[in-house]
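1. Provided below for reference: sequence and predicted model.
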Amino acid sequence: MRSARLVTVLLSIVLISSTAVAEEDTRRPAKPTVIQGMTSHYDLKYLPPDRYSGDESSLRGDYELMLDLHIPKEGKGPFPVVIYVHGGSWSGGTKEGQQQFAQELAKRGFAFCSLNYILIPKGIFPQVWWDFHNAVRFLRKNADKYNIDPLRFGAYGLSAGGWVISSGAVPGGDMLATQRGGNGAITAADLVAQGGKVKARSSDDDYAWLKPMRDPAPAWPGEAGGFSALSWDFAYHVARGDAASPSVQQWIGKGAKPKDYDEIVKAGVRLTLTEMTAEKYAGQLLHLPAFFKRETKEASHAIDLDGKPGKLLGEVILDFFERELKSPSARPPSPEIYPVPRVVTGPTDVTMLAPRGATIHYTTDGSEPTTSSPVFKAAFTVNPGAIVRAISAAPGMTPSGATRAHFVQGTPAPAITGPDKLPDAVTGQPYSVTFKSDKSKARWQVLGDVTPYVPWRAKDLVYPNGMKMDAEKGTWSGTPTKPGRYWVQVWVNEAPGTVAGYRNYRWVVTGTDLGDVAKPAGEVNDNNVDLAVLHNWPAKNINELLEAMKAERLRNVSPSETGDKQYKLLVHRDDKAKATATVKAYITQNAALKIAWND
């Protein structure tokens, strides 16, 4: 995106400019990143085979689920690891680049990993958060092979990459996301306390599906996925963290603070704000600042961890990882507690995970655990209402913050009972399969490689491979047009605003390629309508308007760039009147702004 202020927009409104969408990214980069002083391992597949399509030639496809790992040539190891997660408006970007930062990490005795992840228009929420952890599980599974330290993992993210790492690693296992990718979230206990549902206006509202923010079934069982430290320019869900969350660092302009700063600090998240000293950044949240480049007016300079000016931002980030991963104050990742989510009907078996080399100490009465508390050795049973808390401890490190798991009595997520496997399909031939649940009342949604989406600069809803899910009957049907192997993720819940369960499937389509994705016969345009065009609006005002619309819980709106600083505002047709009133109220307070209404 073109402005630092635009990246704060995410929730019910997504602002995407033409520079952020990788429309030409049809091939993987020609050359891998070469980092001096490191031994490199390229294109490691970090998920189990059933997530891969066999297509390794395109950027979209298996390349989305690969990572590069670089190990210092000097030093004994095992080495702490810092992972880079790229930006690109959740729809573009790659793991390549970051040579200078990685080389500086090597000098300080860190391994460096760069990570790709699934992108829009695939159904990425919440799987992209889970995959972030699963990549770490893969690395820990192979820690001896690559000479890395399973206790010392950090990550930094730029733009959408900051969103991935913060949403994936900060909230704990008690949290359920109340929007697809947005900042709304609720604990399982709060959900049960308010009757087992959140307010959703319609069956397709983003608030209609509550999904666990932590993976109920990790890809690499027995391997922990947690972090000790995270650093970013842009983040969401940080206000949902607590003392068990990783230590976090955010890069900001002088005098700026994250929107939820008071909540974050009150919750016990260990937050370091690193201010850039250039006046052009004053009062701003940052987007893609230079780490080392000495721009005019020293725009890369920042305040160091001791509160003194004079260092470059990249140096301060390196100092942060030194402190959080290598110094005596470094903490191992907090334990993971299962099952997730934690809405139960009776006695429940509890298991815990921490990286190899860490010991888990826990309590079952909600009290604060210490290194004198019982050591977790095997699964144990708790009753509804139990609050389990646990810390990780490791030699030479400060104990982690205490993970909290509240097991509440209520209605668990429905389970998908069938089919166990999707029948193969043939292009050009009608296909249909009906899913079953253990609940008599069920609503259905399909994600993964075949998520319905609205193409860039368009309004019509597309059903990939010609397939559509009947949300009420659970029947997924259509006439496939593209052969291949696909990841299909099916979700089910009982009513809008209730917790959902899911199941992953592998779908094989054979036959010849019949051309572009077809829209099923009889389908009509989606529910978006053109509301207005914003003419030459400063990024600050666009952001403020979209935040105001978000506060009104208006449904997914996608401004698309039609020219230099010309943004077309699309809104859900049922929200048109409310959206119009919200925009007019904002313009009344900002009379200099120009807008063209579409009647």
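-> Happy to help now that I have it. This structure is a prediction, so every number in the text was calculated from the model and none was measured.

2. Read off the pLDDT value for the closest residue to Lys45 other than its chain neighbours.
-> Setting aside the residues directly before and after it, Lys45 is nearest to Met66 in space (Cβ to Cβ, 6 or more residues apart in numbering), at 5.9 Å. Every C-beta, even on glycine, is put in place using the N, C-alpha and C of the backbone. At Met66, the model reports a pLDDT of 96.

3. Pretty sure Met66 sits against His41.
-> No. Here Met66 lies out of contact with His41, judged by Cβ atoms under 8 Å, at a distance of 10.6 Å.

4. count of neighbours near the residue nearest to Lys45?
-> Counted with other Cβ atoms under 10 Å, the burial measure for Met66 works out to 23 neighbours.

5. Got the domain ranges for this structure?
-> Here the domain parsing of the chain from automatic domain parsing is 6-14+32-173+213-325, 336-409, 416-510, 528-597.

6. Of all the ones you listed, which one is nearest Lys197?
-> Using Cβ to Cβ as the measure, domain 416-510 is the one of the domains of the chain that comes nearest Lys197, at 3.9 Å.

7. So for that closest one, mean pLDDT?
-> What domain 416-510 shows for mean pLDDT is 93.

8. And that domain, end to end?
-> Counting by Cα to Cα, to the nearest Å, you get 26 Å between the two ends of domain 416-510.

9. residue contacts, the residue nearest to Lys45?
-> Met66 is in contact with 43-46, 95, 116, counting by Cβ atoms under 8 Å, 6 or more residues apart in numbering.

10. mind listing which of those residues are in helices?
-> Secondary structure defined by DSSP state H assigns none of the contacts of Met66 to helices.

11. Among the residues you listed, which one lies nearest to Asn147?
-> Lowest distance from Asn147 to these (Cβ to Cβ) belongs to Leu44, with 14.6 Å.

12. so what pLDDT did that closest one get?
-> Predicted confidence (pLDDT) for Leu44: 97.

13. If it is in a bridge, with which residues?
-> Partner residues in beta bridges with Leu44: Leu67, with DSSP bridges as the criterion.

14. ok, now Arg404?
-> With beta bridges defined as DSSP bridges, Arg404 has these partners: Arg389.

15. Arg356 versus that one, what's the distance?
-> Shown here: Arg404 relative to Arg356, a distance of 23 Å by Cβ to Cβ, to the nearest Å.

16. ok, those two, which is more surrounded?
-> The residue with more neighbours, out of Arg404 and Arg356, is Arg404; 20 against 15, by other Cβ under 10 Å.

17. Hmm, the more buried one is touching Thr187, no?
-> No. With contact defined as Cβ under 8 Å, Arg404 does not count as touching Thr187 (9.6 Å).

18. Mutual contacts of the two, please.
-> Counting by Cβ under 8 Å, 6+ apart, the contacts common to Arg404 and Thr187 are Asp174.

19. Let me see the contact set for Phe234.
-> The contact partners of Phe234, by Cβ under 8 Å, 6+ apart, come to 7-8, 87, 157-160, 162-163, 285-287.

20. Grab the nearest non-local neighbour of it.
-> Gly162 (4.1 Å).

21. now swap in Asn598 and tell me
-> Once flanking residues are discounted, Asn598 sits nearest to Asp530: 4.4 Å by Cβ to Cβ, 6+ apart.

22. Which secondary structure elements does the helix or strand where Leu191 lies sit against?
-> Taking DSSP states H and E as the definition, Leu191 sits inside helix 188-193. Secondary-structure packing of helix 188-193 (3 or more Cβ pairs under 8 Å, 6 or more residues apart in numbering; DSSP states H and E): strand 343-344, strand 408-409.

23. looking at those strands, which is buried most?
-> Ranked by average neighbour count under the criterion mean count of other Cβ atoms under 10 Å, the helices and strands packed on helix 188-193 are headed by strand 343-344 at a mean of 22.

24. quick one: strands adjacent to that strand?
-> strand 408-409 (parallel).

25. any idea how far the partner strand is from the chain center?
-> On the basis of Cα atoms, centre = their mean, to the nearest Å, strand 408-409 sits 27 Å off its chain's mean C-alpha point.

26. what residues does it touch?
-> 188-189, 192, 342-345, 384-385.

27. helix or strand right after it?
-> Going C-terminal from strand 408-409, and assigning secondary structure by DSSP H and E, you next hit strand 416-418.

28. just so I have it, where are all the helices in the stretch 301-450 of the chain?
-> Taking DSSP state H, counting those that start in this stretch as the criterion, the stretch 301-450 of the chain contains helices spanning 313-325.

29. where does it dip in pLDDT?
-> Along the stretch 301-450 of the chain, segments meeting pLDDT under 70 are nowhere present.

30. again, 90 this time
-> Low-confidence regions of the stretch 301-450 of the chain, defined by pLDDT under 90, span residues 310.

31. Once you drop chain neighbours, what's closest to the residue nearest in space to the middle of the chain?
-> If you average the C-alpha coordinates of the chain and look for the closest C-alpha using Cα atoms, centre = their mean, you land on Val164, 3.3 Å from that point. The spatial neighbour of Val164 that comes closest, neighbours along the chain excluded (Cβ to Cβ, 6+ apart), is Val85 at 5.2 Å.

32. In this structure that neighbour contacts Trp163, no?
-> No. Taking Cβ under 8 Å as the definition, Val85 is not a contact partner of Trp163, at 9.1 Å.

33. Which of the helices or strands spans Phe101?
-> For Phe101, the enclosing helix or strand under DSSP H and E is helix 99-107.

34. any idea how far the nearest residue to Gly396 once chain neighbours are set aside lies from Asp319?
-> In this structure, Gly396 finds its nearest non-sequential neighbour in Pro328, 7.2 Å apart by Cβ to Cβ, 6+ apart. Shown here: Pro328 relative to Asp319, a distance of 15 Å by Cβ to Cβ.
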